[in-house]
Every structure is written in structure tokens, then in C-alpha cells.
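>>> Make a model of this:
(one chain, ligands or ions: 1)
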Amino acid sequence: MTVKNAIQLPSAGQSNRVGTTCKGGAIELYRHGSGRMPVLLIGGVHGDESEGFILAERFQNELRNGSVKLSADLSLFICPRLNPDGCAAIRRTNHRNVDLNRNLPTTDWSGEFQNVRYYPGVSAGSEIESEVTIALIENIKPHMIVSLHSYEHAMNNFNGPSEELARAMSARNGLPPKGDIGYPTPGSLGTYAGWERKIPTITLEILRDQDAETVWKTHHEALIAGFEFYLDG
Ligand SMILES: [Zn+2]
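Coordinates of the predicted model:
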């Protein structure tokens with residue numbers, strides 16, 4: 001089954017609401033630039049990993065006020081809070097208790113789970129937030145994706161054909177590039193976009209509980225290097 005959800009992509013410098021959760025939460029998409037190469041930054045998939053959505057929002061603000069600059073060849077789309085209800089409640093899952101990074105319709109999706117924190121939902125792609133993720137990928141057609149998370153083991157986790165990309169980011173943020181997070185993640189963005197659709201995908205695991213200023217200093221140059229990585233290739 002092909003899921004085709006048309007969403008209205010914002011024009012440069014604008015935000016559009018691209019989805020509304022079951023609880024009424026707004027999923028917003030911001031666009032910076034109108035260059036030939038679209039890239040996608042996602043934050044707030046897990047609402048208790050605030051390091052990620054705070055970094056995404058700060059990156060968006062610094063682009064808007066001109067203190068961060070990107071190549072004019074890029075169109076950067078930022079969805080800072082894919083899981084707005086989880087972010088507001090500081091919880092991993094969405095309002096329906098689903099782990100959104102286990103709900104995407106991958107070939108290895110499974111309804112089994114060991115821990116309620118990883119509840120994958122009643123069926124693959126059952127959640128509005130997952131439909132939005134799919135729609136973002138189908139409409140934007142990003143050349144690469146970065147999704148911001150946090151974890152006690154910080155890393156540039158790469159999925160799909162993106163080891164060199166991960167290494168370029170590692171040169172800036174000092175985190176190890178790793179192709180394997182250490183446990184299986186069926187229904188994850190890395191599997192859906194990276195391995196199954198061959199879109200270079202980085203799950204940036206920021207060090208958990210790091211303060212926002214340190215997160216910014218550590219990662220903003222790595223993000224820029226990542227977004228611009230494929231421009232020459
Ligand atoms: Zn996470």
C-alpha cells in the first residue's frame with residue numbers, strides 16, 4: 001500500500017501546519033531557503049527527549065534571524081516537534097501511548113513489545129504522526145534526513161547509505177558514527193527512510209540531560225555540515 005498524503009509545503013521563511021494530532025496538537029513545518037536540494041530535520045519524536053526539540057527550535061530561530069547561514073542551494077524543512085502532545089507532556093509516546101519510532105510501516109514492523117515504552121501501536125502506520133512523517137518524505141523528497149533524539153550513549157547513528165555523512169558530522173560534534181544502536185528498532189525512521197528507501201538518515205542521539213547551551217555549541221556546526229554534505233556529490 002502506498003500512502004499518499006498531500007501536504008502543503010511552506011514557502012521559504014514560512015511555517016505551515018502539516019498535521020493535527022488526535023488531541024488537537026499542531027504539527028508545524030518550517031522552511032528555510034528555496035534551493036534545489038531539499039533536506040529534512042525532525043525533532044521531538046520522543047517527547048521526553050527535550051534536548052532534540054530544543055535544538056531544532058533554536059536552529060530554526062537562528063536561521064530566521066540570520067545568525068546561522070546555509071548554502072542557498074538548500075531547502076531545509078524543519079519539523080521541530082513531530083510529537084507535540086508528547087513534548088508538552090514530557091513523555092516518550094504520543095497521546096495514544098504509541099512509540100512513534102516503532103510505528104512506521106517497515107517490512108519488519110511487529111506488534112510485539114517487551115516494554116510499554118516501546119508500544120508500536122495497533123498496526124503499522126496507525127498514528128497521525130506517522131502519516132505526517134510519511135507525507136513529509138513523499139512530498140519533500142529529502143536528499144537526507146536528521147532526526148534529533150537523546151540517549152545516555154550519544155552517537156551519530158546512521159541508517160541507509162550515510163556512513164560518510166555520519167563521519168562528516170562526527171568531525172564536528174565529536175560523537176562516534178554508528179550503524180547499529182545496539183538493539184533492533186522495527187518501525188523506526190532509520191529503517192523506513194534509511195534502509196528501505198535508501199535516503200541517508202541520521203538519528204542524532206544527543207547526550208541525555210546535557211544543557212541547551214552545550215547542546216547548541218556541540219551540534220549546530222555538525223548539522224550545517226550534514227545538511228550541506230551532499231551538495232558537492
Ligand atoms: Zn528517542
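>>> all strands in this structure, in order from the N-terminus.
Secondary structure of the chain (DSSP state E): strands located at 15-20, 26-32, 37-42, 74-79, 145-151, 155-159, 177-178, 201-207.
>>> Following the shortest one in sequence, what is the next regular element?
Beyond strand 177-178 in the direction of the C-terminus, DSSP states H and E gives the next helix or strand as helix 189.
>>> List of residues touching that following helix?
With C-beta atoms under 8 Å, 6 or more residues apart in numbering as the test, helix 189 has contacts from 42, 45, 101, 104, 133, 145, 147, 159, 201, 203. Quick note: C-beta positions are derived from backbone N, CA and C, even for glycine.
>>> got the residues of the chain near the ion?
Residues of the chain lying close to the ion by C-beta under 5 Å from the ion are 46, 49, 149.
>>> Show the contacting residues for the last one.
This points to residue 149. Going by C-beta under 8 Å, 6+ apart, residue 149 touches 45, 46, 49, 52, 101, 203, 204, 205, 206.
>>> what's the neighbour count on the last one?
Close neighbours of residue 206, defined as other C-beta atoms under 10 Å, add up to 24.
>>> cool, and the fourth one?
Counted with other C-beta under 10 Å, the burial measure for residue 52 works out to 30 neighbours.
>>> do you know how far it is from residue 16?
Applying C-beta to C-beta, to the nearest Å, the value for residue 52 to residue 16 is 21 Å.
>>> next one: the last one
Distance check for residue 206 against residue 16: by C-beta to C-beta, it reads 26 Å.
>>> can you count the residues close to residue 114?
The local packing of residue 114 (other C-beta under 10 Å) involves 6 other residues.
>>> Can you give me the pLDDT of it?
At residue 114, the model reports a pLDDT of 90.
>>> residues touching it, list them.
Contacts of residue 114 (C-beta under 8 Å, 6+ apart): none.
>>> got it, and residue 39?
74, 75, 76, 77, 142, 143, 144, 145, 146, 227.
>>> just residue 109 next, same as before
Contact analysis of residue 109 by C-beta under 8 Å, 6+ apart lists 102, 103, 120, 124, 186, 187.
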